[in-house]
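**Q** Whatever this is, show me its structure:
(chains A and B)
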Amino acid sequence: MNGSISSRDSIQGKLTRIIMLTSGTAILLACISFITFELFSFRRNLISGVTALAKVVAANSTGAIAFENIVDAKEVLASLKTRPDVVEAALYKSDGTLFASYVSDQGGQFPISPGSDGSQFVKGELIFFEPVIQSDTRLGTLYIKVELSSLYDQFHLYGIIVIIVLFCSISFAFILSRRLQAKISMPILELARSAKVVSDQNDYSIRARKLSNDELGDLTDTFNQMLNRIHQMNSELERRVKERTNQLEGANKELARSNSELEQFAYVASHDLQEPLRMMAGFSALLADEYKGKLSTDADEYLTLIIDGAKRMHSLVNDLLEFSRVGRVAANFTQVNLEKVVDSVLSRDLKGAIMEVGAEVSRDPLPVITADSIQMTQLFLNLIGNAIKFHGAKSPRIHISAKEEDSFWQFSVRDNGIGIKPEYSEKIFLIFQRLHDRKEYPGTGIGLAICKKIVEQHKGKIWVSSTLGEGATFHFTIAKNLKNEAV
Amino acid sequence: MHRRITFCVGFLFCLGFLFSGKAAPSSRETALKAVFLYHCTHFVEWPTESFEDSKSPIVIGVLASESFSDLVEETVKGEQVKGRSITVVRYRDVEEIEKCHILFIGNSTEVDRSILRSKYRNMLTISDTENFLSRGGMIQLGIERNRLQVKINQRAAKSEGLSISSKLLRLSQVQND
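**A** Prediction:
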């Protein structure tokens, strides 16, 4: 459907034009009808008037023609002088010859012989041929010519009057219409104005003024009712939003407090736990050295177990400490050369593990990025360490790759180990979640949780894609526009 | 001798012409009068009792030369006046006069008042005789400057029940004595 709207045309203009057009057309039609009627009746009256005159003159001239009295004929014709619009008159004998004539100032040319009886309009003049009859005998013909221009002057006058009347009526109609159209347009404009104000200022407390008591008045009322409802709903919504925000703020504060308490707790606990653990581990080692073989085999065994337990606890506490540190200490973003980081991790921290299982680790070229260098080290250490640890029957083949996107870097650590069941692919990132028995694969269950926290500190995401039995690939992203928070 | 005779005969002829009364009227004057007689029928009203019925003809009695009578007959032939035809009757003398609507008395005839007081009523008397009106006639025709002059005694006509149209009266000299 063609819904184009024509260029802007005000309601007032439209209304005025409608009224003007209707009244103008009505007046024009009336004037035209009047003039047309006048024209017709004028012609009719003229013909009947001159016909009557012609009949009288013809009747009077019978004697003159019959007795061939030219003087009398001229006298009879001269009576036509009373009508100044008669320019010529003539009497013809029954044989068609011109007998007598009358001429006013403007006439001159007489027909040579009379034409057919009756009246005719010829070139703006009216011509009569009237038979001259006495006692049923035709004696001759009377010719009269009437010029019409002087009478058309009357029509000029009519025309001028009509134009003046038209002009006055239309002007009057124009003035009236401008006044009266306000009755319709004012309420509409007021409504439009109010709507605009409400829309521009987003103020729903404004109400439109009701200016008329008709359908437009009803519209105004409905409009105001709608505004009322909107206003109410708005207020209600605002109230609820405020309430909810308050609730959320409260809950948030609560959570933040609880979080920091927990972290504090974890840190303190781990930190304070370290000391006794060190003592336990240290002294049990000393005991083992001094009294190895000197006590019973049971005693040796017990000592080994104590040392084992202490070591495990140590590592657990370390990890906890690490976990809490990542959350507690603000990240320090610098330019970090990831190649150096990975190479360092491989050659130092994981050197032993790599040699032990015969793992092969390859990597793509890695970029220099803005990140926390300590945390990056920890991250790659955990991921590559896991890749080495969770190998299956084959010897581990591990590959590290990097991909650049618009707003982040995406890295992957791929292995050919035992893989992960898809239903656990999210669970593994939770703290203390272990999928395997401690005897199969050692570990505290905190490693991946630490990785997740580190990645989140770098405004990224971490996830795994894996097929059970065919290895796993861990992906994580590091955002590009990291900035240190102002201290 | 022959030449003398011819001369005498010619002379006598001329004398004969000289003494044969007035000069013969020109044909134009005669025609004018004949036409007048015809047109008269249009401009005069006879009382209804002068006609037998609505179809009876108007009778023009001509007391004049035969040639004139023929001329009149020729003029009115085929014409109608208000549905009536016109007949022309020639009288050779007074005794022959019968009922007619118009009686034309040629000027060669002796006019007597007695003619005019004929036994027939409603008769329009016309003559080209001089002093016709003073002798009791109704319409007297004369020629002046090649035009027909008409004198009418309207009162005389009216006393015979005849009404003459004003259109004719207008063109004539009215003498009502």
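**Q** what about the chain, any weak spots by pLDDT?
**A** All of this is about chain A. Low-confidence segments of chain A, defined by pLDDT under 70: A:1-7, A:106-107, A:486-487.
**Q** Oops, wrong one, chain B.
**A** B:1, B:6-26, B:108-119, B:177.
**Q** Try it again at 80.
**A** Along chain B, segments meeting pLDDT under 80 span B:1-26, B:93-97, B:107-120, B:135, B:146, B:177.
**Q** Do a quick rundown of the helices in it.
**A** B:2-19, B:27-43, B:66-76, B:113-116, B:154-159, B:166-170 (DSSP state H).
**Q** cool, and the stretch 201-350 of chain A?
**A** Taking DSSP state H, counting those that start in this stretch, the helices of the stretch 201-350 of chain A run over residues A:215-291, A:297-328, A:338-344.
**Q** So which of those helices is nearest A:Pro396?
**A** Evaluated over those, closeness to A:Pro396 peaks at helix A:338-344, with 15.7 Å, by Cβ to Cβ. Every residue, glycine included, has its C-beta placed from N, CA and C.
**Q** re earlier: who wins for proximity to B:Asp53 among the helices of the stretch 201-350 of chain A?
**A** B:Asp53 sits nearest to helix A:215-291 of all the helices of the stretch 201-350 of chain A, at 89.8 Å, using Cβ to Cβ.
**Q** Centre of the chain to the closest one, how far?
**A** On the basis of Cα atoms, centre = their mean, to the nearest Å, helix A:215-291 sits 39 Å off its chain's mean C-alpha point.
**Q** picking that back up, go through the helices of the stretch 201-350 of chain A and name the closest to B:Gly106.
**A** helix A:215-291 (107.5 Å).
**Q** okay, the angle between that closest one and helix A:297-328?
**A** If you take axes from the mean of the first three to the mean of the last three Cα atoms, to 10 degrees, helix A:215-291 sits at 150 degrees to helix A:297-328.
**Q** related to what we said a few turns ago, wait, which of the helices of the stretch 201-350 of chain A is closest to A:Ser373?
**A** It is, among the helices of the stretch 201-350 of chain A and with distance given as Cβ to Cβ, helix A:338-344, at 6.8 Å.
**Q** quick one, which of the helices of chain B is packed in tightest?
**A** helix B:27-43 (a mean of 20; mean count of other Cβ atoms under 10 Å in any protein chain shown).
**Q** List just the one of the helices of chain B that sits closest to A:Pro367.
**A** Using Cβ to Cβ, the helices of chain B put helix B:166-170 closest to A:Pro367, at 139.7 Å.
**Q** any residues touching the closest one, and which ones?
**A** A:60, A:62-64, A:67, A:72, A:134, B:40, B:43-44, B:150, B:152, B:154 (Cβ atoms under 8 Å, 6 or more residues apart in numbering or on different chains).
**Q** Centre of the chain to it, how far?
**A** So, by Cα atoms, centre = their mean, the centroid of helix B:166-170 is 19 Å from its chain's centroid.
**Q** residue in chain B nearest to chain A?
**A** B:Lys167 (3.2 Å; Cβ to the nearest Cβ).
**Q** Could I get the contacting residues of the spatially most central residue of chain B?
**A** Residue closest to the average C-alpha location in chain B (Cα atoms, centre = their mean): B:Phe104, at 2.8 Å. For B:Phe104, the contact set (Cβ under 8 Å, 6+ apart) comprises B:37, B:60-64, B:72, B:126-127.
**Q** On the three-state scheme, A:Ser101 is what?
**A** strand (DSSP: H, G, I helix; E, B strand; the rest coil).
**Q** next one: A:Lys55
**A** helix.
**Q** buried stuff in stretch B:52-68?
**A** Within stretch B:52-68, the residues that qualify as buried are B:57-65, B:68, counting by 16 or more other Cβ atoms under 10 Å in any protein chain shown.
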